[in-house]
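*Asks:* missing the sequence, but the structure's below:
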């Protein structure tokens, strides 16, 4: 089973690129983040024509998540209030579905803006509530995959300059600790499982600055994590760097994991 994730930074702007990638790579599941479109305007027909079911939850110009899958998804959940303990604003950041017996969780974790911002405190609390959701609804003994733009680089090898970026909200010690608490629930970072200790492997290159792709000044913030029953069956994980070099690309690229099921 091939599962992929991609922060598309507008599904309508990148639609041709996404459809071309689906035709070329034929994943069983593709999780999308930052779709940036309200639900009535989501290009669902284009995905259906490509042979995919698609479920989505979005909002105007900001956030938004979707799951496209070959098999029809079951037990779909999304919307405010689905993270326990309340306090969840009406932001389209998480969608869940059971596909071919696997629970797929697709998230766009808040970025945080700056470490002294209430947005950063919200990011940390979002991750804490997500951990409580896992404890409530899932078990590490079940086949669960968590995909998405997690907006955290877990290790120093996951950023191009860990010294200079040590206090950035996507590499801040508090953000990394909060993400580690989620991982400790029972997830395995399948890319790191297959590529341990390998620096320079990134999924995001900021296009506000020139030459970041050519100089490989990136971050690994997009992830496919799996519980142990699935992680033991992963046979391949890769980052499609070439897709980041396409015409009018997203600032992120596709991450793919393949499991023998």
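*Replies:* Cool, got the structure. Not measured: the values here are computed from a predicted model.
*Asks:* ok so residue 224 is a helix residue?
*Replies:* No - counting by DSSP: H, G, I helix; E, B strand; the rest coil, residue 224 is not found in a helix; it is strand.
*Asks:* partners of it in the sheet?
*Replies:* Residue 224 has these beta-bridge partners by DSSP bridges: residue 147.
*Asks:* from residue 113, how far off is it?
*Replies:* 26 Å (CB to CB, to the nearest Å). C-beta coordinates here come from the backbone N, C-alpha and C atoms, glycine included.
*Asks:* those two: which has the busier surroundings?
*Replies:* residue 224 (26 against 13; other CB atoms under 10 Å).
*Asks:* okay but the more buried one is in contact with residue 2, surely?
*Replies:* No - proximity of residue 224 to residue 2 does not meet the contact threshold set by CB atoms under 8 Å, at 10.4 Å.
*Asks:* and for the two, which residues touch both?
*Replies:* Taking CB atoms under 8 Å, 6 or more residues apart in numbering as the contact rule, residue 224 and residue 2 both touch 256, 257.
*Asks:* and the residue most central in space within the chain, what does it touch?
*Replies:* With distances taken as CA atoms, centre = their mean, the chain has residue 148 as the residue nearest its mean C-alpha position (0.7 Å). The neighbourhood of residue 148, defined by CB under 8 Å, 6+ apart, consists of 5, 7, 31, 33, 65, 105, 106, 107, 108, 109, 222, 223.
*Asks:* all strands for this structure, in order.
*Replies:* 2-7, 29-33, 53-57, 65-69, 74-78, 94-99, 102-108, 144-149, 187-189, 222-227, 234-239, 255-259 (DSSP state E).
*Asks:* can you give me the helices for this structure?
*Replies:* Assigned helices in the chain, in chain order: 15-25, 44-49, 118-137, 173-184, 190-194, 228-231, 241-244 (criterion: DSSP state H).
*Asks:* which other helices and strands contact the longest one?
*Replies:* Which is helix 118-137. helix 173-184 (3 or more CB pairs under 8 Å, 6 or more residues apart in numbering; DSSP states H and E).
*Asks:* how does it look with 10 Å?
*Replies:* strand 94-99, strand 102-108, strand 144-149, helix 173-184 (3 or more CB pairs under 10 Å, 6 or more residues apart in numbering; DSSP states H and E).
*Asks:* take those and lay them out in a markdown table including mean pLDDT and distance to residue 136.
*Replies:* Formatted as a markdown table, these follow (pLDDT from 0 to 100; distance: least, CB to CB, whole Å):
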| stretch | mean pLDDT | distance to residue 136 |
| --- | --- | --- |
| strand 94-99 | 97 | 12 |
| strand 102-108 | 97 | 13 |
| strand 144-149 | 98 | 13 |
| helix 173-184 | 98 | 14 |
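*Asks:* what residue ranges in the stretch 1-150 of the chain score low on pLDDT?
*Replies:* 79-90 (pLDDT under 70).
*Asks:* and stretch 166-175, which residues are buried?
*Replies:* 168, 169, 170, 171, 172, 174, 175 (16 or more other CB atoms under 10 Å).
*Asks:* residue 255: neighbour count?
*Replies:* Around residue 255 there are 27 residues (other CB under 10 Å).
*Asks:* now do the closest residue to residue 261 other than its chain neighbours against residue 230, distance only.
*Replies:* Leaving aside its sequence neighbours, residue 261 sits nearest to residue 1 (CB to CB, 6 or more residues apart in numbering; 4.9 Å). As judged by CB to CB, residue 1 and residue 230 stand 9 Å apart.
*Asks:* where do the contact lists of these two overlap?
*Replies:* Common neighbours of residue 1 and residue 230, using CB atoms under 10 Å, 6 or more residues apart in numbering, are 102, 143, 145, 257, 259, 260, 261.
*Asks:* out of these, grab the one that's most surrounded.
*Replies:* Most neighbours among those, by other CB under 10 Å: residue 257, with 28 neighbours.
*Asks:* show me what contacts that residue?
*Replies:* If you count contacts by CB under 10 Å, 6+ apart, residue 257 has them with 1-5, 27, 29, 145, 147, 190-191, 193-194, 223-226, 230-231, 234-238.
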